[in-house]
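Trainee: With the sequence up front, the predicted model follows.
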Amino acid sequence: MNKKPDKKDIAKAYGKYAKGFTPRPNYVGNCLKAFFTGGAICMIALWYQNTLQDTGLSEKDAGIFVTVTLVVIAQLLTGLGVFDVIAKFAGAGVIVPITGFANSMVAPALEYKREGPVLGVGANMFKVAGPVLVCGISSATIVGIIYWIIYRF
């Protein structure tokens, strides 16, 4: 009499089967690429900020200008399809800095642009970045309230 395999046996067999086709990631190489690419972005941004400060801008104004510049460049590269190529190579090196946030705003908007400016771009622009914004704003509000309570009394 043949025993019918249960779900656990099937899942185990499928896992073993799929493991044979899944490429093994190069963790060390990926970490090095992300480290050096992200470091290069930050190094260029710091050089740019120092250059702006040398022209007479305050540290705060230069920092804002650099941030806006990085966001604009990332948005342009996303629109041109270059950001994805860089991200495929560098991974978290370009996703973690503010450039990744800019990409997460533009990519869904581009994906849904055929559905129109309101229902396509407008409705889907915050699909990825929306939860990040909500979490960041909520966390900042909570920390601000705690700070106010501690130093108020």
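Mentor: Perfect, I can see it now.
Trainee: can you list the residues that contact the lowest-mean-pLDDT helix or strand in the chain?
Mentor: Least confident helix or strand, the chain: helix 123-124 with a mean of 73, by mean pLDDT, DSSP states H and E. The contact list for helix 123-124 (Cβ atoms under 8 Å, 6 or more residues apart in numbering) reads 108-109, 111-112, 115. (C-beta placed from N, C-alpha, C; glycine too.)
Trainee: Which of these sits closest to K60?
Mentor: Lowest distance from K60 to the contacts of helix 123-124 (Cβ to Cβ) belongs to A109, with 29.7 Å.
Trainee: Surely that closest one and M125 touch.
Mentor: Yes. Counting by Cβ atoms under 8 Å, M125 is a contact partner of A109 at 4.4 Å.
Trainee: Which SSE is immediately downstream of the least confident helix or strand of the chain?
Mentor: Using DSSP states H and E, the helix or strand that follows helix 123-124 towards the C-terminus is helix 129-152.
Trainee: helices or strands next to that following helix in the packing?
Mentor: When contacts are defined as 3 or more Cβ pairs under 8 Å, 6 or more residues apart in numbering; DSSP states H and E, helix 129-152 packs onto helix 98-111.
Trainee: Mind listing residues that contact the helix it packs on?
Mentor: 41, 67, 70-75, 77-79, 83, 87, 94-95, 120-121, 124-129, 132.
Trainee: and the residues you listed, which of them are in helices?
Mentor: 41, 67, 70-75, 77-79, 83, 87, 94-95, 124, 129, 132 (DSSP state H).
Trainee: Against K8, how distant is the residue nearest the centre of the chain?
Mentor: Centroid check for the chain by Cα atoms, centre = their mean gives G100 as the closest residue, at 3.2 Å. Plainly put, G100 is 39 Å away from K8 if you go by Cβ to Cβ, to the nearest Å.
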